[in-house]
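K.L.:
Just need the structure, nothing else, for what follows:
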Amino acid sequence: MNRSMRHLAIAALAGTAIAPASATTLIVEASGFDDSSGQAVAEVFSSRAGFLKQARYTQAQAIVDGQPVRWQFDGLAPSDYAVRVWHDINGNGEPDRRAFGRNEPMVFSNGVRDARPDWSEVTVTLGPDPVTVAVDLRDTGE
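P.N.:
Residues are numbered from 1 along each chain as shown. Sure thing, here's the model as predicted:
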């Protein structure tokens, strides 16, 4: 193999080694907002280490009475993620809680309502195909 062919082969191998994994889409659908005050917030966490400390992606939307809210997060690498959706009633950008519970409705992926759930309880796995996470903020009392 001559020198130029060797460089071409190395470049081809390097290109495949650093080629990004296919990106995918996470769709979050939320229902159960009691009123249209404030905003609906969806947060996507991408690791156990940053869970509940720093969302990787955050989107907020206005709420229309009685209508579900839908967010779409594109370009995510296939991996495990956790989703938190909450109703920011007072619009301060933080999920407020009283001393003995939440005063702004909140729910995680997999329907988990714990204020501080374990990562393993709320993760969803994204593969090459889009994944939809549907949550309901109404407290069913279960």
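K.L.:
which residues in this protein form helices?
P.N.:
Counting by DSSP state H, the chain has helices at residues 3-17, 119-122.
K.L.:
Model confidence for Gly101, exactly?
P.N.:
The model reports Gly101 with a pLDDT of 55.
K.L.:
likewise Arg3?
P.N.:
The model's pLDDT for Arg3 equals 49.
K.L.:
how much space between Ala49 and Gln39?
P.N.:
28 Å (CB to CB, to the nearest Å). Any C-beta I mention is one placed from the backbone N, CA and C, and that applies to glycine too.
K.L.:
So between these two, which is more surrounded?
P.N.:
Taking Ala49 and Gln39 together and counting by other CB atoms under 10 Å, Gln39 has the greater number of neighbours (19 against 9).
K.L.:
Can you tell me how far that one is from Ser79?
P.N.:
From Gln39 over to Ser79 the distance is 27 Å, taken as CB to CB.
K.L.:
in the protein, which segments are predicted with low confidence?
P.N.:
Applying pLDDT under 70 to the chain picks out residues 1-21, 98-102, 140-142.
K.L.:
what pairs with the residue nearest the centre of it across the strands?
P.N.:
Most central in the chain under CA atoms, centre = their mean is Val44, positioned 2.4 Å from the mean C-alpha point. According to DSSP bridges, the partner residues bridging Val44 are Tyr57, Val83.
K.L.:
So Arg56 sits against Leu26, correct?
P.N.:
No. With contact defined as CB atoms under 8 Å, Arg56 does not count as touching Leu26 (10.7 Å).
K.L.:
Look at those two and report which has more neighbours.
P.N.:
Neighbours were tallied for Arg56 and for Leu26 using other CB under 10 Å; the higher tally belongs to Leu26 (22 against 14).
K.L.:
Right, I'll call it a day here.
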